[in-house]
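[1] fold the following and give me the result.
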Amino acid sequence: MNGKWFKFSLFSAIICVSFASSHSSTLEHTLQFHQNETKFEIKWKILDDKIHFQLETNSNGSFGFLIYGNELKNGADSAIFLPHRVELLDCFLRNVTIECTTDESLGGTNDLVMIPRESNSSSVSFSRKLKTGDKFDLEISNAPLHFHWMVQKSINSSEIYGGKSMVNFLEKEKKEKKWYSPAILLVLMVVPLAVLNALFKWAKYLKRKLKNKKRGQWFQDHFDYKQYAISKEHLNQHPDEREQLLPPSNQPLLTEEEERALKQSLLKRFCSIFGLRVGGTQAAVWTWIIAILYVSANFLTVYLCYPSWSFGKSFGSLAAANASLLGVLATRNSFIGLLFRESYERLILWHRWLGVWTVLIVVFLHPFIFVKGFVQEGDNIPFKLTEDHFMLFGTLGGLCGFFIFLTSLEPIRRKMFEWFYYPHIILFVGFYVFGSLHSKTFFRWTLGAAGIYGTDRLLRWFWGLLPSKIVKISTIGEGEEEMVRVVVKKPLLGKLFGFYKSGGQYIFVNFPGVKFLEWHPYTICSGSYEDTIEIAIKALGDQTKQLVKNVNVGKQPHWARMDGPYGLLPYDWHQHYQVVLVVGGIGVTPAISILKDAFEGPFGKNWRTRRVRFIWTIRRKIQYDWFSQDLESIDQIPSNRNDPIELSRTIYVTGKNELLEGDTTWMKHGRPDWDKEFGDISQRGKGQSTLIFACGPSEMTSKCWDLVQQKRREGMNVSFHREIFDF
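    All right, here's what the predicted structure looks like:
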């Protein structure tokens, strides 16, 4: 071969390969669609002000696509390739049922430039400007467009295959400029505020602990408590001295800082509004404000990310982020509780509220945009929601979320626990698995939540790995009011690390001999100083009824597995001059624990409590027998304390036909006059700090809550804690 021709041929080959490579590299975006055995593929690339397309199919019939904005009624821009004529049509459609009309026949221009050498019977390449200026052409901008593909089964067939999708042809260029998503924006909005709130809570807690430590050291350095010990018999003979029994004048019950705090400023009275209970709910104003702000932040991220993120895609991103947080809030041993100094029973309320919001996104807001398009175009909605694996997994995930919501409603959760618990676990797994198969974004967010949830499950398994010996088990009461009291040895690790505090703590207990897989929470009613844990179990569900039945026939369980304790009383009750325990029914159990610590346990040298008021409402007098021995034992303890604590108790029996026998000075018929009770509490605690501890029916705790807020506005130094036992 001639050398010149060889050099020329080599040079030409290099040029052709370079051109082919440069052209093929332009087609960076690819979408593939399948229906039955028909395949349709579209590739495109943006170069300056033009967009280059390549369409491929495995059919020898006509094929093409149409694109339009939000509504088809404004018309659709389409490109149709006729392989038998090797002709590319630039068309305009009024709707999908009318045969396309070329732009030229309508007075427009053919703006599609076909590349013949790259076109054949099953493929066509062409380009057009992003903005042609033709009124019959759609401007291709950085926004999602409705995309319909169509393929004729064969050249002689009237059967047409096709499908739909949302496509943003400039999406990649937009992503390069904006790295964020609605989910990431939500995190950036919420996390800094949450961290600031956590830091504030911890600073307040550490400040209170430091103050109590200094006060205790000051008391130890200045007083010999033994010289103030007075017998309870003497106080009973001289009741007037009980109220006058205070430490020496130089022992401050209130520091100067606390006295200043008692003077309710205008700002503090205004801030007390946020603690008000919202009527008809068990949530404070500030709780509703947080919930509203959080939902608003979700919608704000959708607005900020539009139009680069369509509404449907944005809500899908938010569903992933909310579902991730939802899983974390369901854990008992997560960093969330430690960070915010919140216990599981309060985090589970946020889990429940966030669950409702997440289901609303997954079931309604996310698919609404797509379903709306299906309805407008007259499609078969059930078919469209299951036509491919992507839609099928999304639909199944949404159904799992919807049924989780249904089975979590309060009537089912309280009266049919098994119908709540087991579907909750199964559907919970299905929700995250199908969601992850539906979306890679959902999968990435699920991984983080799964790691935290898995760690929590491992810890719970570890806590319950070794069963504890049941020291004593017995039944008290009869019929519907029968109850089992179980005494168990404290687990060594919990005792070693000091997990057992005073009042309001609970443990999840499983009796393997009754039901091996069923765990239920029970409040601890023993003192924190004791070497054993005592729980009181009322026969309400299948497991508890079976437990009562077994004990009555002599088949007592000998072992119990425990997970816990959980629960966090946010106030040091012994740092309040007056402690008021308002309880109803079985809600008395945490109050019994506090009473035992106050009157039977070791006395703290920095305690300031001088008075404990105990108010217990019961439906039947037989319910008093549940803890009659405990209360009588506390009442008979001689007061050899450094500073005696007065105990005032009243038990209200609300049943109309209940007969009261014996000493009834502290037991009364009817319901408490809460206005009178709180008036007396306010008078006796005047100038001092008071803690109201409430546990029982929501009507009772709500009334106490409202009265506490009223007393605060009047200037009373009162704190309020409402026990939550709503799992």
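
[2] from here on, just use CA atoms for contacts and neighbour counts.
    Noted.

[3] what about the helices in the stretch 51-200 of the chain?
    If DSSP state H, counting those that start in this stretch is used as the criterion, the helices of the stretch 51-200 of the chain fall at 171-177, 182-222.

[4] can you give me the offset of the last one from its chain's centre?
    The gap between where helix 182-222 is centred and where its chain is centred comes out at 22 Å by C-alpha atoms, centre = their mean, to the nearest Å.

[5] who touches the residue nearest the centre of the chain in this structure?
    By C-alpha atoms, centre = their mean, the chain has its centre lying nearest to His351, at 2.2 Å. Shown in contact with His351 (C-alpha atoms under 8 Å, 6 or more residues apart in numbering): 326-327, 329-330.

[6] let's see 6 Å
    Residues in contact with His351 (C-alpha atoms under 6 Å, 6 or more residues apart in numbering) are 326, 329.

[7] returning to that earlier point: weakest of the helices of the stretch 51-200 of the chain by average pLDDT?
    For those, mean pLDDT drops lowest on helix 171-177, to a mean of 51.

[8] count of residues packed around Val548?
    22 (other C-alpha atoms under 10 Å).

[9] which secondary structure element contains it?
    Here Val548, judged by DSSP states H and E, is contained in helix 542-552.

[10] and the next element down the chain from that helix?
    With DSSP H and E setting the assignment, the helix or strand that follows helix 542-552 is strand 559-566.

[11] phi and psi next, for the residue nearest to the centre of the chain.
    For His351, the backbone dihedrals (degrees, to the nearest 10) come out as phi -60, psi -40.

[12] so what's it scoring on pLDDT?
    pLDDT, read off for His351, is 90.

[13] likewise for Asp240?
    pLDDT at Asp240 comes out at 50.

[14] likewise Ile533?
    Looking at Ile533, its pLDDT reads 88.

[15] now it: closest residue in space that isn't a chain neighbour?
    Val488 (5.2 Å; C-alpha to C-alpha, 6 or more residues apart in numbering).

[16] could you look up the SS state of that neighbour?
    What DSSP: H, G, I helix; E, B strand; the rest coil gives for Val488 is strand.

[17] now do Thr446
    From three-state DSSP, the assignment for Thr446 is helix.

[18] show me what contacts it?
    Neighbours of Thr446 in contact, by C-alpha under 6 Å, 6+ apart: Ser324.

[19] at 8 Å what do you get?
    Thr446 sits next to 320, 323-324, 432, 436 when contact means C-alpha under 8 Å, 6+ apart.

[20] run a quick neighbour tally on Gln546.
    15.

[21] the residue nearest to it when sequence neighbours are not counted and Tyr344: what is the separation?
    Leaving aside its sequence neighbours, Gln546 sits nearest to Val514 (C-alpha to C-alpha, 6+ apart; 7.0 Å). Relative to Tyr344, Val514 is positioned 26 Å away (C-alpha to C-alpha, to the nearest Å).

[22] okay, these two: which has more neighbours?
    Tyr344 (22 against 17).

[23] am I right that the more buried one is in contact with Pro565?
    No - counting by C-alpha atoms under 8 Å, Tyr344 does not reach Pro565; the two are 10.4 Å apart.

[24] can you pull out the low-pLDDT segments for the stretch 51-200 of the chain?
    71-75, 94-99, 172-178 (pLDDT under 70).

[25] now with 80?
    Along the stretch 51-200 of the chain, segments meeting pLDDT under 80 span 69-76, 84-86, 93-101, 103, 105, 107, 116-121, 136, 155-158, 171-180.
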